[in-house]
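Engineer: Based on what follows, work out the 3D shape:
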Amino acid sequence: MPIIESEYPNTCCIVSNFDFYKTAKWIYKGLDIAVELFWTNSIYGRDLGMGSFILKTDTANKVINIELDGTFSEEDGLKSIQAYQQTINPITPADYELKIDCRKLNVTAPDVVPLLESCFVMFKNDGFVKVNLTLENNPILKMQLSRLGRKAGLDNIEIISAVTV
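Structural biologist: Numbers count the residues shown, from 1 in each chain. Below is the predicted model:
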(Lines give C-alpha, C1' and ligand atoms only; values in the text may rest on other atoms or scores of the structure.)
Protein backbone atom coordinates (compact mmCIF):
# COMPACT_ATOMS: atom_id res chain seq x y z
CA MET A 1 0.00 0.00 0.00
CA PRO A 2 1.32 3.45 -0.81
CA ILE A 3 2.15 5.80 2.04
CA ILE A 4 1.29 9.40 1.34
CA GLU A 5 2.87 12.18 3.35
CA SER A 6 0.27 14.55 4.69
CA GLU A 7 0.33 18.31 4.71
CA TYR A 8 -0.13 18.09 8.49
CA PRO A 9 2.85 17.54 10.80
CA ASN A 10 3.46 14.01 12.15
CA THR A 11 0.80 12.46 9.91
CA CYS A 12 0.72 10.29 6.83
CA CYS A 13 -1.94 8.27 5.05
CA ILE A 14 -1.91 4.64 3.89
CA VAL A 15 -4.31 4.24 0.96
CA SER A 16 -6.03 1.06 -0.24
CA ASN A 17 -7.88 0.92 -3.56
CA PHE A 18 -11.14 -1.01 -3.92
CA ASP A 19 -13.67 -1.28 -6.75
CA PHE A 20 -15.69 1.81 -5.98
CA TYR A 21 -14.02 3.66 -3.13
CA LYS A 22 -10.76 4.16 -1.33
CA THR A 23 -10.07 3.68 2.33
CA ALA A 24 -7.40 5.45 4.21
CA LYS A 25 -5.69 4.76 7.51
CA TRP A 26 -4.33 7.92 9.06
CA ILE A 27 -1.36 7.63 11.37
CA TYR A 28 -0.88 10.49 13.78
CA LYS A 29 1.94 10.55 16.34
CA GLY A 30 2.09 6.74 16.35
CA LEU A 31 -1.65 6.23 16.84
CA ASP A 32 -3.56 4.31 14.18
CA ILE A 33 -6.88 5.93 13.35
CA ALA A 34 -8.96 4.08 10.73
CA VAL A 35 -11.11 6.37 8.64
CA GLU A 36 -13.15 5.51 5.57
CA LEU A 37 -13.04 8.25 2.97
CA PHE A 38 -14.98 8.32 -0.27
CA TRP A 39 -13.43 10.52 -2.90
CA THR A 40 -12.72 10.77 -6.57
CA ASN A 41 -9.74 12.70 -7.89
CA SER A 42 -8.11 14.30 -4.90
CA ILE A 43 -5.62 12.55 -2.63
CA TYR A 44 -6.55 14.71 0.38
CA GLY A 45 -10.30 14.51 -0.01
CA ARG A 46 -13.19 14.46 -2.40
CA ASP A 47 -13.22 16.80 -5.37
CA LEU A 48 -16.04 19.15 -4.41
CA GLY A 49 -17.49 18.97 -7.91
CA MET A 50 -18.10 15.21 -7.70
CA GLY A 51 -20.65 13.13 -5.87
CA SER A 52 -19.92 10.82 -2.97
CA PHE A 53 -21.95 8.33 -0.98
CA ILE A 54 -21.79 6.36 2.25
CA LEU A 55 -23.99 3.31 2.83
CA LYS A 56 -24.62 1.82 6.28
CA THR A 57 -26.87 -1.07 7.27
CA ASP A 58 -28.41 -0.96 10.74
CA THR A 59 -29.69 -4.54 11.06
CA ALA A 60 -30.86 -4.07 14.67
CA ASN A 61 -33.26 -1.27 13.67
CA LYS A 62 -33.89 -2.59 10.14
CA VAL A 63 -32.67 0.62 8.47
CA ILE A 64 -30.37 1.28 5.54
CA ASN A 65 -28.79 4.72 5.80
CA ILE A 66 -27.37 6.43 2.73
CA GLU A 67 -25.55 9.76 2.81
CA LEU A 68 -25.21 11.62 -0.49
CA ASP A 69 -22.91 14.57 -1.05
CA GLY A 70 -22.10 16.83 -3.98
CA THR A 71 -23.01 16.64 -7.65
CA PHE A 72 -23.27 13.17 -9.13
CA SER A 73 -21.96 12.37 -12.57
CA GLU A 74 -23.20 9.29 -14.40
CA GLU A 75 -20.07 7.43 -13.25
CA ASP A 76 -20.69 8.43 -9.61
CA GLY A 77 -24.30 7.29 -9.94
CA LEU A 78 -23.32 3.91 -11.36
CA LYS A 79 -20.80 3.37 -8.56
CA SER A 80 -23.41 4.23 -5.93
CA ILE A 81 -25.91 1.81 -7.53
CA GLN A 82 -23.28 -0.95 -7.46
CA ALA A 83 -22.58 -0.28 -3.78
CA TYR A 84 -26.32 -0.15 -3.03
CA GLN A 85 -26.91 -3.51 -4.71
CA GLN A 86 -24.05 -5.07 -2.74
CA THR A 87 -25.53 -3.63 0.47
CA ILE A 88 -29.07 -4.95 -0.03
CA ASN A 89 -28.06 -8.31 -1.52
CA PRO A 90 -27.77 -10.12 1.85
CA ILE A 91 -30.98 -8.64 3.35
CA THR A 92 -34.72 -8.60 2.63
CA PRO A 93 -35.41 -4.94 1.74
CA ALA A 94 -39.15 -5.34 2.39
CA ASP A 95 -38.26 -5.63 6.10
CA TYR A 96 -36.21 -2.40 6.08
CA GLU A 97 -36.68 1.35 5.98
CA LEU A 98 -34.45 3.32 3.62
CA LYS A 99 -33.21 6.66 4.95
CA ILE A 100 -31.33 8.87 2.51
CA ASP A 101 -29.55 11.97 3.78
CA CYS A 102 -29.60 14.46 0.88
CA ARG A 103 -28.67 17.53 2.93
CA LYS A 104 -25.36 17.92 1.08
CA LEU A 105 -26.65 16.74 -2.30
CA ASN A 106 -26.82 19.20 -5.20
CA VAL A 107 -29.59 19.36 -7.80
CA THR A 108 -29.08 16.63 -10.40
CA ALA A 109 -27.99 17.68 -13.89
CA PRO A 110 -30.47 16.89 -16.70
CA ASP A 111 -28.20 14.27 -18.29
CA VAL A 112 -28.06 12.28 -15.02
CA VAL A 113 -31.79 12.54 -14.16
CA PRO A 114 -32.70 9.26 -15.95
CA LEU A 115 -30.17 7.42 -13.77
CA LEU A 116 -31.64 9.01 -10.63
CA GLU A 117 -35.12 8.05 -11.80
CA SER A 118 -33.95 4.44 -12.22
CA CYS A 119 -32.79 4.55 -8.58
CA PHE A 120 -36.31 5.48 -7.47
CA VAL A 121 -37.73 2.62 -9.56
CA MET A 122 -35.15 0.32 -7.94
CA PHE A 123 -36.23 1.48 -4.45
CA LYS A 124 -39.86 0.78 -5.37
CA ASN A 125 -39.07 -2.67 -6.77
CA ASP A 126 -37.03 -3.55 -3.69
CA GLY A 127 -40.17 -2.92 -1.61
CA PHE A 128 -38.83 -0.96 1.35
CA VAL A 129 -41.27 -0.35 4.20
CA LYS A 130 -40.64 3.38 3.81
CA VAL A 131 -38.26 5.65 1.93
CA ASN A 132 -37.23 8.85 3.75
CA LEU A 133 -35.27 11.63 2.07
CA THR A 134 -33.89 14.40 4.29
CA LEU A 135 -33.00 17.67 2.57
CA GLU A 136 -31.76 21.06 3.59
CA ASN A 137 -34.14 23.88 2.82
CA ASN A 138 -33.69 23.40 -0.96
CA PRO A 139 -37.01 23.80 -2.81
CA ILE A 140 -35.55 23.02 -6.25
CA LEU A 141 -34.04 19.71 -5.12
CA LYS A 142 -37.24 18.90 -3.21
CA MET A 143 -39.33 19.46 -6.35
CA GLN A 144 -36.93 17.38 -8.46
CA LEU A 145 -36.93 14.43 -6.05
CA SER A 146 -40.70 14.63 -5.46
CA ARG A 147 -41.37 14.57 -9.20
CA LEU A 148 -39.04 11.61 -9.76
CA GLY A 149 -40.60 9.72 -6.84
CA ARG A 150 -44.10 10.24 -8.27
CA LYS A 151 -42.95 9.28 -11.78
CA ALA A 152 -41.40 6.05 -10.44
CA GLY A 153 -44.62 5.24 -8.54
CA LEU A 154 -42.85 5.31 -5.19
CA ASP A 155 -45.87 5.83 -2.94
CA ASN A 156 -44.11 5.31 0.40
CA ILE A 157 -41.68 8.21 0.00
CA GLU A 158 -41.44 10.96 2.61
CA ILE A 159 -39.37 14.07 1.96
CA ILE A 160 -38.30 15.93 5.09
CA SER A 161 -36.84 19.44 4.90
CA ALA A 162 -34.27 19.99 7.64
CA VAL A 163 -33.36 23.58 8.30
CA THR A 164 -29.97 24.18 9.90
CA VAL A 165 -29.43 27.31 11.91
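
Engineer: element containing the closest residue to Thr59 other than its chain neighbours?
Structural biologist: In space, not counting the residues next to it along the chain, Thr59 is nearest to Ile91; the distance is 7.5 Å by Cβ to Cβ, 6 or more residues apart in numbering. C-beta here means a position set from N, CA and C on the backbone, and glycine is covered the same way. Assignment of secondary structure by DSSP states H and E places Ile91 within no helix or strand.

Engineer: Ile91 and Val131: what is the separation?
Structural biologist: Summarising the geometry, the distance separating Ile91 from Val131, computed by Cβ to Cβ, to the nearest Å, is 15 Å.

Engineer: correct me, but Leu154 touches Phe123?
Structural biologist: Yes: here Leu154 reaches Phe123: they are 6.0 Å apart, a contact under Cβ atoms under 8 Å.

Engineer: what's the following helix or strand after the lowest-mean-pLDDT helix or strand in the chain?
Structural biologist: The least trusted helix or strand in the chain, going by mean pLDDT, DSSP states H and E, turns out to be strand 31-37, with a mean of 37. The first helix or strand that comes after strand 31-37 along the chain, using DSSP H and E, is strand 52-58.

Engineer: in that following strand, what counts as buried?
Structural biologist: For strand 52-58, the buried set under the neighbour-count rule, 16 or more other Cβ atoms under 10 Å, comprises 52-55.

Engineer: Including pLDDT and distance to Val63, could those residues go into CSV?
Structural biologist: Supplementary listing: those in CSV, determined by pLDDT from 0 to 100; distance: Cβ to Cβ, whole Å:
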residue, pLDDT, distance to Val63
Ser52, 90, 20
Phe53, 90, 16
Ile54, 92, 14
Leu55, 92, 11
